[in-house]
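K.L.:
Kindly return the folded structure for what I paste below:
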Amino acid sequence: MTFLPANDPNYFDHAATSPMCDAAVEELSQWRGVALNPSSIHQTGQGARRLLEEAREQLAALLGLPPSQVVFTGSATESANLALRGTLSPQSNAPRRRRVVLSAVIEHSCIVETLDTLVHRGEIEVRPMPVTESGHALPHWEEDGPLDMVCLMHANNETGVLQDTVAARATATTAACPLLCDASQSFGKVPCANLGADLLIAASHKIGGPPGIALLAGPGIRALSPQVTGGGQEDGLRGGTPAVALARAFAAAAQAAHDAMERETARLQGLEQLLFERLTAEGVRWQLNGGGARLPGFLNLSVEGLEAVETVIALDAAGFCLSPGSACSTGVVAVSPVLTAMFPGDEARAKGGIRLSMGPANTAQSVIGLAAELGRIARRRESSRGTLPAR
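P.N.:
This next block holds a predicted model:
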């Protein structure tokens, strides 16, 4: 089995997970082998408590929230479950099933599958949002009854398209219900302090922090019913001994990403333009999937004549790591529901979508190399069909 080093410039799958940044590695290494249980009352335990709360304060500041509105969890998926089940859990003598507005086709599977479970149990009903060709969900609610939650991710995990959280906030305000915003892809890459979310999800490993730590934040956490009980940690909302060292490394990675955000955005946008130019120069007939504002360095491209899975396999053989879509769908060969919703009737475009997500190690040279390899793959494919694309 081959693994790329942390600084390999041919790794273009940062949306799946990112290598740990230097700040996170340094922070994590400080606490290796140290006993850190912030629930203990002795001096060592209370020292661990201070370390945990300092990490909470640092992350809260980046989100523009008080520390009391940040809960640590083990993953973005756990955060989603706490947010959804903790808000929508059945109540005794409830007069009706609870209602949720979301776009199932662009939300992450941790949102969709959790809501599907609640629907199948008869606990909630879901109202869909329409999706435009640009990849934007349109928060929509027909006022035919009360609404209990609006779910809209900040940045789509297949296209990088930034969603209209202002419109989602307006819908939630009108309905007097909470807005859940999955910011797993966007936190640390674009500003996330003013999204208007009552509940916001962020994950450490997407921004150069370690896996195994995430957060759920916002004023809505005070109204949640805990889903992991026992011990009363995280102010009673998430039982279990907190991972202090992971929380510290998460905060270090988030701060490093925030400090470099403006500079890194400009650099990644420059690499995007270089990729477009080189693909065209290679004679590749490509289409960008998703319009409007996107995460920097996050692209979903369909190449004429190529299907995503075969393209990703061929690129992998050449030493380039990309994805045919969401990493959580790996191993399941299916047409992207996101692209299918964006381009109804254009199955070839939906089948061809590959995701490139750049990070700090990607360079102009690696982008040029990727474009050249895509050109070779496209020409081989066309040649096998008896026609060659123009150079």
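K.L.:
neighbours around the spatially closest residue to E123 that is not a sequence neighbour, how many?
P.N.:
Distance criterion CB to CB, 6 or more residues apart in numbering; nearest residue to E123, sequence neighbours excluded, is P90 at 5.3 Å. Yep, even glycine has a C-beta here, placed from its N, CA and C like the rest. Per other CB atoms under 10 Å, the neighbour tally for P90 reads 14.
K.L.:
give me the element P90 is part of.
P.N.:
Assignment of secondary structure by DSSP states H and E places P90 within no helix or strand.
K.L.:
from now on call the first residue 45
P.N.:
Sure, I'll start counting at 45 from here, so that last one is P134.
K.L.:
just checking, it touches I168?
P.N.:
No: counting by CB atoms under 8 Å, P134 sits too far from I168 to count as a contact (9.1 Å).
K.L.:
what's the spacing between the residue nearest to E167 and L162?
P.N.:
9 Å (CB to CB, to the nearest Å).
K.L.:
Just the pLDDT at the residue nearest to E167, thanks.
P.N.:
Note for P134: predicted pLDDT of 76.
K.L.:
likewise G369?
P.N.:
For G369, the predicted pLDDT is 72.
K.L.:
So it sits against V382, correct?
P.N.:
Yes: G369 lies in contact with V382 (CB under 8 Å); the separation is 7.5 Å.
K.L.:
Look up the residues that both of the two are in contact with.
P.N.:
Residues touching both G369 and V382 by CB atoms under 8 Å, 6 or more residues apart in numbering: E202.
K.L.:
longest single helix anywhere in this protein?
P.N.:
Of all the segments of type helix in the chain, defined by DSSP state H, the longest one is helix 288-325.
K.L.:
list the buried ones in that one?
P.N.:
By 16 or more other CB atoms under 10 Å, the buried positions in helix 288-325 come out as 288-302, 308, 311-312, 315-316, 319-320, 322-323.
K.L.:
same thing with stretch 166-184?
P.N.:
167-168, 170, 173, 175, 179-181, 183.
K.L.:
Enumerate every residue touching A219.
P.N.:
Contacts for A219 (CB under 8 Å, 6+ apart) come out as 185, 190-191, 194.
K.L.:
Sitting in strands, which of the buried residues of stretch 166-184 do you find?
P.N.:
Among the buried residues of stretch 166-184, DSSP state E puts 168, 170 in strands.
K.L.:
so which of the buried residues of stretch 166-184 comes closest to G232?
P.N.:
G179 (21.3 Å; CB to CB).
K.L.:
pLDDT on whichever helix or strand F116 is part of, on average?
P.N.:
Element membership for F116, per DSSP H and E: strand 114-117. Across strand 114-117, the average pLDDT comes to 98.
K.L.:
now swap in stretch 148-156 and tell me
P.N.:
91.
K.L.:
residues in contact with it?
P.N.:
120-121, 124-125, 128, 146, 159, 170, 172, 175, 179, 181, 195-197, 200-202, 207, 224, 226, 228, 370, 372-373, 381-382, 384-385.
K.L.:
Just the buried ones from these?
P.N.:
120-121, 124-125, 128, 146, 159, 170, 175, 179, 181, 195-197, 200-202, 207, 224, 226, 228, 370, 373, 381-382, 384-385.
K.L.:
can you give me the helices for the protein?
P.N.:
Applying DSSP H to the chain gives helices spanning 66-74, 87-107, 120-132, 153-164, 209-219, 288-325, 352-361, 381-386, 391-396, 408-428.
K.L.:
Those: which one's closest to A247?
P.N.:
That would be, of the helices of the chain and by CB to CB, helix 120-132, which comes in at 4.0 Å.
K.L.:
Hey, what's the angle from that closest one to helix 153-164? Just curious.
P.N.:
30 degrees (axes from the mean of the first three to the mean of the last three CA atoms, to 10 degrees).
K.L.:
Show me what helix 120-132 is packed up against.
P.N.:
In terms of contacts (3 or more CB pairs under 8 Å, 6 or more residues apart in numbering; DSSP states H and E), helix 120-132 is packed against strand 114-117, helix 153-164, strand 193-195, strand 223-226, strand 243-247, strand 258-261.
K.L.:
May I see those arranged in JSON lines, with distance to T61 as well?
P.N.:
Shown next, in JSON lines, are the helices and strands packed on helix 120-132 (distance: least, CB to CB, whole Å):
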{"stretch": "strand 114-117", "distance to T61": "17"}
{"stretch": "helix 153-164", "distance to T61": "15"}
{"stretch": "strand 193-195", "distance to T61": "23"}
{"stretch": "strand 223-226", "distance to T61": "16"}
{"stretch": "strand 243-247", "distance to T61": "9"}
{"stretch": "strand 258-261", "distance to T61": "12"}
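K.L.:
and G397, which of those is closest to it?
P.N.:
The closest of the helices and strands packed on helix 120-132 to G397 is helix 153-164. By CB to CB, the value is 16.7 Å.
K.L.:
quick check: domain ranges of this protein?
P.N.:
According to automatic domain parsing, the chain comprises the domains 66-300, 305-428.
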